[in-house]
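In: could you work out the structure for the sequence below:
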Amino acid sequence: MRTITSKLLGVVLLLSATMTFTGCSTVDDGEFTSPITLTEKISGKWVVNSVVQTDELMPVQKH
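Out: Numbering: from 1, shown residues only. Below is the predicted model of the structure:
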């Protein structure tokens with residue numbers, strides 16, 4: 001029983017090591033594009049429907 005378990009464990013470790021080193025051998029995510037910057041303008045029409053401002057630092061004063 002012990003030899004079967006150790007052989008099975010060896011096979012599982014060999015398969016997992018093989019998949020680890022060959023699974024991501026190449027990068028296949030397309031061509032390089034420059035990252036989005038904070039000052040980049042995105043074209044289109046942008047609408048804000050409602051804005052609620054809440055002061056979370058100032059406690060509510062009761063009269």
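In: for Q53, give me phi and psi.
Out: phi -100, psi 130 (degrees, to the nearest 10).
In: quick one, what contacts it?
Out: For Q53, the contact set (Cβ atoms under 8 Å, 6 or more residues apart in numbering) is empty. For the C-beta atoms, the positions are set from N, CA and C on the backbone; glycine is no exception.
In: quick check: it vs F21, distance?
Out: 54 Å (Cβ to Cβ, to the nearest Å).
In: now V51
Out: 52 Å.
In: more crowded one of those two?
Out: F21 (9 against 5; other Cβ atoms under 10 Å).
In: would you mind measuring from that one to L15?
Out: Relative to L15, and taking Cβ to Cβ, F21 is found at 11 Å.
In: go on, G30?
Out: In this view, G30 and L15 are 30 Å apart by Cβ to Cβ.
In: tell me which of the two has more neighbours.
Out: Remark: of G30 and L15, L15 carries more neighbours, 10 against 6, as counted by other Cβ under 10 Å.
In: element containing that one, please.
Out: Following DSSP states H and E, one finds L15 within helix 2-22.
In: how far does that helix sit from the chain's center?
Out: 29 Å (Cα atoms, centre = their mean, to the nearest Å).
In: buried residues in it?
Out: By 16 or more other Cβ atoms under 10 Å, helix 2-22 has no buried positions at all.
In: element containing L38, please.
Out: Here L38 is assigned to no helix or strand, by DSSP H and E.
In: tell me how far it lies from V48.
Out: From L38 to V48 the distance is 19 Å (Cβ to Cβ).
In: then A17?
Out: 53 Å.
In: what of E31?
Out: For E31, the distance to V48 - Cβ to Cβ - is 34 Å.
In: do the same with R2
Out: Counting by Cβ to Cβ, the gap from R2 to V48 is 68 Å.
In: which residues of this protein score low on pLDDT?
Out: 1, 23-29, 60, 63 (pLDDT under 70).
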